[in-house]
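**Student:** here you go, sequence then predicted model.
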Amino acid sequence: MFARRIAVVGTGYVGLTTGACLASLGHRVVCADVDEIKVERLRQGQIGIREDGLAELVSEGVAAGRLSFIVGAAAALDELEREGVPVEVIFLCVPTPMGVGGIADLAAVEAVIEEVRDALPPNAVVVNKSTVPVGTADRTAELLERDDVAVVSNPEFLRESSAVNDFLHPDRIVVGSSSQDAAERVAALYARLGAPMVLTDAASSEMIKYAANCFLAMKLSYVNAVAELCERLDADVADVTEGIGYDRRIGQAFLSPGPGWGGSCLPKDTQALLQVADAADFEFRLLRATIDTNTRQYQRMVDKIRTAITGKRTGSLTRRRIALLGLTFKAGTDDLRSSPALGVAALLKQAGADLVAYDPGVLADEVLIEGSLMTVVDDPYLAAKDAEAIVILTEWPEFRTLDWSRLADAVAVPTVIDTRNLLDPDVLRRAAFAWVGIGRTMRG
Ligand code: UDX
């Protein structure tokens, strides 16, 4: 395999993982960011992201002279040029936040194109790795105004907290372009990974990313709805999902019910595809229902908590003290973006509850939720002090091994509402806690 000369623009989750992993595959990579402080920290090996194995890959790449960091996309091209061979592939990994009406905001992509347009050598390839609306590759090509530079879509499917592993052991690699040659050159960068390769046109490649994330969201909304039905029919969702998951067409993954799905991708991508469908005059009812089911899930969790604390579906939560365990959108990350835990917390706050939270990934402080402050402490036992209920909102494995007898002594009322079905009901029962899960009967 030939080592290629690559610039990666944007050093967030996607960019930094892409840069470090491509360097580990033997390529020469310069990562660029507009944030000078971030670049300086990266040069010192401070990656600022909680991601298994990433810090090691970054320091290995830097030590081997294959990975470096610089301020500005144009400067990254200059650095490679100075080394004697110009850039061959430039990856755009800049943020595409949800803009007006749910459509991704492409200002950052446009700014990079503007910056590098005249500096790109002939035959270079511009690769879009950010999740962008279908048609962005064509739009990027128009902005570039360079017939000698091809644009390729190569979406990433990384999950936060397992990004390095996902990059190095992907289920598939998707590359789309109107230029067969450019697509093959990008695909060749990953040759060592031996993953299935889907080579297609740019619009299909962009669509694959949305279709995948929206399918995952739909799967979770479906499971959360099935869990609700299980509660009403006295069935156990854990057994139901195990039973359906053995069907290879369904699979065991992504079948855990929860307080709703969140994070930086699924909420943004479901909204974006809905807008794209609307613009294409297609009423995507299934996707709309997927999103609505998720929004209702937060309220459903609050109803559960209300019933557990007051004994009534309509009881008042005003000044009821509730301990929240978990705030991040999933375990293993410090990311609070579109976290369902915060969605539930905001509704509890609106209902007048008095909240104290603990999360292993979040520093003790105060977190702003929907305009009001919530106290975050650095000790789960302190969070539980005098609480009328403990609510598990994120599936941190360490919550399983807390000293539940000690927690029973700390709380005012020993009740746990476990929105992730994380805990062992028998352990809780032995510690004299009443346990309420999702879609499960107490037989646990
Ligand atoms: C997701 C996609 O999985 C990834 O392919 C894409 O590149 C980016 O978006 P990520 O945002 O890291 O990755 O989170 P993911 O692990 O998919 O979880 C999304 C949400 O679903 C979280 O809130 C999580 O707690 C929830 N979830 C996941 C469940 O409630 N149950 C499950 O079984 C799995």
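**Tutor:** Thanks, I have the structure now. Please read these numbers as outputs of a predicted model, since none were measured by experiment.
**Student:** can stretch 148-157 be said to contact the ligand?
**Tutor:** Yes: using CB under 6 Å from any ligand atom, stretch 148-157 reaches the ligand at 156, 157. Glycine gets a C-beta too; all of them are placed from N, C-alpha and C.
**Student:** just the C-alphas of that stretch, formatted as PDB.
**Tutor:** Provided in PDB are the C-alpha atoms of stretch 148-157 (Å, rounded to 0.1, in the frame of the first residue of the first chain):
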ATOM      1  CA  ASP A 148      -9.200  19.200 -11.900                       C
ATOM      2  CA  VAL A 149     -10.200  18.500  -8.300                       C
ATOM      3  CA  ALA A 150     -12.800  15.800  -7.500                       C
ATOM      4  CA  VAL A 151     -15.200  15.800  -4.700                       C
ATOM      5  CA  VAL A 152     -16.000  12.500  -2.800                       C
ATOM      6  CA  SER A 153     -18.500  11.700  -0.100                       C
ATOM      7  CA  ASN A 154     -17.100   9.300   2.500                       C
ATOM      8  CA  PRO A 155     -19.400   9.300   5.500                       C
ATOM      9  CA  GLU A 156     -18.200   8.200   9.000                       C
ATOM     10  CA  PHE A 157     -20.100   5.800  11.100                       C
END
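**Student:** could you pick out the longest helix of the protein?
**Tutor:** The single longest helix within the chain, with elements called by DSSP state H, is helix 202-233.
**Student:** quick check: next helix or strand after the helix or strand hosting residue 242?
**Tutor:** Here residue 242, judged by DSSP states H and E, is contained in helix 237-245. The element immediately downstream of helix 237-245 (helix or strand, assigned by DSSP H and E) is helix 266-279.
**Student:** now do that next one: everything it contacts.
**Tutor:** The contact list for helix 266-279, computed with CB atoms under 8 Å, 6 or more residues apart in numbering, reads 97-98, 101-104, 131, 133-134, 209-211, 213-214, 216-217, 261, 283-284, 287-288, 290-291, 294, 338.
**Student:** and it, does that touch the ligand?
**Tutor:** Yes: for helix 266-279, a contact with the ligand is found by CB under 6 Å from any ligand atom, at residue 266.
**Student:** okay, the angle between that helix and helix 202-233?
**Tutor:** If you take axes from the mean of the first three to the mean of the last three CA atoms, to 10 degrees, helix 266-279 sits at 110 degrees to helix 202-233.
**Student:** quick check: mean pLDDT across helix 266-279?
**Tutor:** Averaged over helix 266-279, pLDDT sits at 92.
**Student:** check which residues of it are buried.
**Tutor:** Neighbour-count burial for helix 266-279, counted by 16 or more other CB atoms under 10 Å, picks out 266, 267, 268, 269, 270, 271, 272, 273, 274, 275, 276, 277.
**Student:** distance of residue 67 from residue 143?
**Tutor:** 28 Å (CB to CB, to the nearest Å).
**Student:** before we move on, back to that, just the buried subset of the contacts of helix 266-279, please.
**Tutor:** Buried members of the contacts of helix 266-279, counted by 16+ other CB under 10 Å: 98, 102-104, 131, 133-134, 209-210, 213-214, 216-217, 261, 284, 287, 290-291, 294, 338.
**Student:** within reach of the ligand, which of the residues you listed are there?
**Tutor:** 213, 216, 261.
**Student:** out of the residues you listed, which is nearest to residue 255?
**Tutor:** Checking these against residue 255 by CB to CB gives residue 216 as the nearest, at 10.9 Å.
**Student:** need phi/psi at residue 191.
**Tutor:** phi -50, psi -40 (degrees, to the nearest 10).
**Student:** offset the numbering so it begins at 57, please.
**Tutor:** With 57 as the first residue, the last one maps to residue 247.
**Student:** lowest average confidence, helix or strand, in this protein?
**Tutor:** strand 421-425 (a mean of 76; mean pLDDT, DSSP states H and E).
**Student:** show me which residues of that strand are buried.
**Tutor:** Those would be 423, 425, for strand 421-425 by 16+ other CB under 10 Å.
**Student:** hmm, back to that, and the angle for the longest helix of the chain with helix 293-301?
**Tutor:** Here helix 258-289 runs at an angle of 140 degrees relative to helix 293-301 (the same axes, to 10 degrees).
**Student:** mind listing what's buried along helix 258-289?
**Tutor:** 258-259, 261-266, 268-270, 272-277, 279-284, 286-287.
**Student:** so between residue 123 and residue 199, which is more surrounded?
**Tutor:** residue 123 (26 against 18; other CB atoms under 10 Å).
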